[in-house]
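Participant: Here's a sequence, model it:
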Amino acid sequence: METLEFKNGWLNLKDEQIEAINHFCKNYKHFLNIGKTERQCVKAAIKEAEQHGFRPINEFEELKAGDKVYFINRNKNVVLTVVGKRPISDGIRYVVSHIDSPRLDIKPNPIYEKSELALMRTHYYGGIKKYQWASRPLALHGVVVTKSGRTIDIAIGEDPQDPVFTIPDLLPHLDKKVQRERNAAEVLKGEELQVIVGSIPMEFEDKKIKDKVKHHILTKLHEKYDFTEADFISAELMLVPAGSARDVGIDEGIVGAYGQDDRICAYTSLEAILDIETPEQTAVCFLVDKEEIGSTGSTGLESRYLEFFTGELLVRQAGNKYNDQMLRRCLWNSYALSSDVNAGLNPLFESVHDAQNASKLGYGLVLTKYTGHGGKVASNDADAEYVASLRRIFDDNEISWQTGLLGKVDEGGGGTVAKYLAHYGINTIDAGAAILSMHSPFELASKFDIYELYRAYKAFYIQAF
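Facilitator: Numbers count the residues shown, from 1 in each chain. Just a heads-up that it's a prediction; the model follows:
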């Protein structure tokens, strides 16, 4: 009789397997270091994809088996596709991951001066513990687009020679009334998430200028980057933790870094599709935006971009035989992994987990049959038949996997993009890695799990159901 027993994947690994894991994770950490924003992730993905023979969709009038194509949506989504042997209308294998992460966005009119310091106002993006972002080095990333249409890339704080930014916290000697009596969610309030960007005043010929530190900063930005205060209104600038991904622990078995939710799935699904040739069914790696704020907007999965690029694939294969029902049939016959992370069992706070149904670091891919909160609200609940098919695929390929839920029933919960995929009738389940310190500036993931994600996604792309 088969019993349900999950094992730590590090046990009994051979030296060559450990070497492969460490090599893969070295490249993964590099991806995390260069991809701290959606635009940077898309740029890095396209660069690597082109090295593996992928070309823009507009270079293909007609698609045939083995063709490797990509789509870009507003520099925040990328779709990598390997056309399969079977007609695209028979269905697609989608692996969908999000490349946005919690952060601090710069407001449209951000700079002001107070107490002879120049500061910038922010608006936090996604679910964060605000107090975690104070008194730590932050880097400024993003783009500024001037009124003339010129795009300026900004990255300040990652190079060791760069300055960094920080939110000044209150010292414990004076926080008794102002801070200490607040609940944890308000130790720092949203409007208090303001970063120091300058401190040196400068004399100007115009004696009417009173905010000498602020104008000094604006002058330096104009001199170095050639944009003005008015250009902030058409900028996308964000503050993220400064610094590189690091190995954690004496045994170096964990990767610690910002943004592993969900770039751990983005990178592994990217590498998986780059390593396949011509699958039976067409394979798609879809990296999306805006998951952390509800998948809204034209670059979130709540948009109809999935229909757009899937329809485009069908048109370029079926030609004048295409019709709308072909798109509906393709989606209904498709399979997807909503590739997002799960809450790893935290040894300091085990009480919030149902330990029997909690995922653990080092146990491989996490299959999450449903997420949501309370009575499965806002969840996709994967069909039993689909779960059984995935069990077989992973077991046949000796891939370590486990099940996991997002905490106890009434403890909290959360959602993923799964429900937006299921909306089209696509067979969908959440499949990602266990993470500790999720949504913090320094998230933790097992190196073993990272490599198993890659192996699992690759098997999903090519294995028959």
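Participant: residues touching the closest residue to A65 other than its chain neighbours, list them.
Facilitator: Spatially, and ignoring its direct neighbours in sequence, A65 is nearest to K85 (4.9 Å; C-beta to C-beta, 6 or more residues apart in numbering). No exception for glycine: its C-beta is placed from N, CA and C like everyone else's. K85 makes contacts with A65, T278, P279, E280, as judged by C-beta atoms under 8 Å, 6 or more residues apart in numbering.
Participant: cutoff 7 Å now
Facilitator: A65, T278, E280 (C-beta atoms under 7 Å, 6 or more residues apart in numbering).
Participant: can you check F394 too?
Facilitator: By C-beta under 7 Å, 6+ apart, the contact list for F394 reads W401, A456, A459.
Participant: how about the strands in the stretch 351-465 of the chain?
Facilitator: 365-368, 372-373, 401-403, 413-414, 427-432, 434-435, 443-446 (DSSP state E, counting those that start in this stretch).
Participant: With the stretch 201-350 of the chain instead?
Facilitator: With DSSP E, counting those that start in this stretch as the criterion, the stretch 201-350 of the chain has strands spanning 235-241, 246-248, 254-257, 282-288, 335-338, 342-343.
Participant: Just checking: what are the partner strands of the first one?
Facilitator: Strand 235-241 has the following strand partners under DSSP bridges: strand 103-114 (antiparallel), strand 138-145 (antiparallel).
Participant: same deal with the last one?
Facilitator: Listed by DSSP bridges, the sheet partners of strand 342-343 and their directions read strand 434-435 (parallel).
Participant: can you confirm the residue nearest to A65 is in a helix?
Facilitator: No. Membership of K85 in a helix is not supported by DSSP: H, G, I helix; E, B strand; the rest coil, which gives coil.
Participant: Mind pulling up the pLDDT for it?
Facilitator: pLDDT for K85: 97.
Participant: Quick check: it vs L313, distance?
Facilitator: 15 Å (C-beta to C-beta, to the nearest Å).
Participant: how about low-confidence regions in this structure?
Facilitator: 1 (pLDDT under 70).
Participant: related to what we said a few turns ago, in PyMOL, how would I select just the buried ones from the contacts of F394?
Facilitator: Buried members of those, defined by 16 or more other C-beta atoms under 10 Å, are picked up in PyMOL with:
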select buried, resi 401+456+459
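Participant: Which of the contacts of F394 sits closest to I293?
Facilitator: For the contacts of F394, the residue nearest I293 by C-beta to C-beta is A456; the value is 27.6 Å.
Participant: quick one on the thing from earlier: so can I have CSV of the strands of the stretch 351-465 of the chain showing distance to E292?
Facilitator: Shown next, in CSV, are these (distance: least, C-beta to C-beta, whole Å):
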stretch, distance to E292
strand 365-368, 17
strand 372-373, 16
strand 401-403, 24
strand 413-414, 10
strand 427-432, 14
strand 434-435, 14
strand 443-446, 13
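Participant: so which of those strands gets nearest Y267?
Facilitator: Closest to Y267 of these is strand 443-446 (C-beta to C-beta; 11.0 Å).
Participant: Who are the packing partners of that closest one?
Facilitator: Strand 443-446 makes packing contacts with strand 254-257, helix 260-274, strand 434-435 when contacts are defined by 3 or more C-beta pairs under 7 Å, 6 or more residues apart in numbering; DSSP states H and E.
Participant: do that again at 10 Å, thanks
Facilitator: In terms of contacts (3 or more C-beta pairs under 10 Å, 6 or more residues apart in numbering; DSSP states H and E), strand 443-446 is packed against helix 15-34, strand 246-248, strand 254-257, helix 260-274, strand 434-435.
Participant: Tell me which of the strands paired with strand 235-241 approaches N27 most closely.
Facilitator: It's strand 138-145; of the strands paired with strand 235-241, that one is closest to N27 (C-beta to C-beta) at 21.0 Å.
Participant: what ranges do the helices span in this structure?
Facilitator: In the chain, the helices defined using DSSP state H lie at 15-34, 38-51, 212-225, 260-274, 305-318, 324-332, 384-396, 418-422, 447-462.
Participant: and among these, the most buried is which?
Facilitator: Neighbour counts (mean count of other C-beta atoms under 10 Å) averaged over each of the helices of the chain peak at helix 260-274, with a mean of 27.
Participant: Now do the contacts for G91.
Facilitator: 84, 281-282, 329-335, 426-427, 465 (C-beta atoms under 10 Å, 6 or more residues apart in numbering).
Participant: Tabulate the contacts of K85 (a markdown table), appending neighbour count and distance to I450.
Facilitator: As requested, these are exported to a markdown table (neighbours: other C-beta atoms under 10 Å; distance: C-beta to C-beta, whole Å):
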| residue | neighbour count | distance to I450 |
| --- | --- | --- |
| A65 | 17 | 31 |
| T278 | 16 | 27 |
| E280 | 16 | 27 |
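Participant: follow-up on the earlier one: reformat the strands of the stretch 201-350 of the chain as a markdown table; add distance to F349 and mean neighbour count.
Facilitator: Shown next, in a markdown table, are these (distance: least, C-beta to C-beta, whole Å; neighbours: other C-beta atoms under 10 Å):
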| stretch | distance to F349 | mean neighbour count |
| --- | --- | --- |
| strand 235-241 | 22 | 21 |
| strand 246-248 | 18 | 15 |
| strand 254-257 | 18 | 21 |
| strand 282-288 | 30 | 28 |
| strand 335-338 | 26 | 27 |
| strand 342-343 | 10 | 26 |
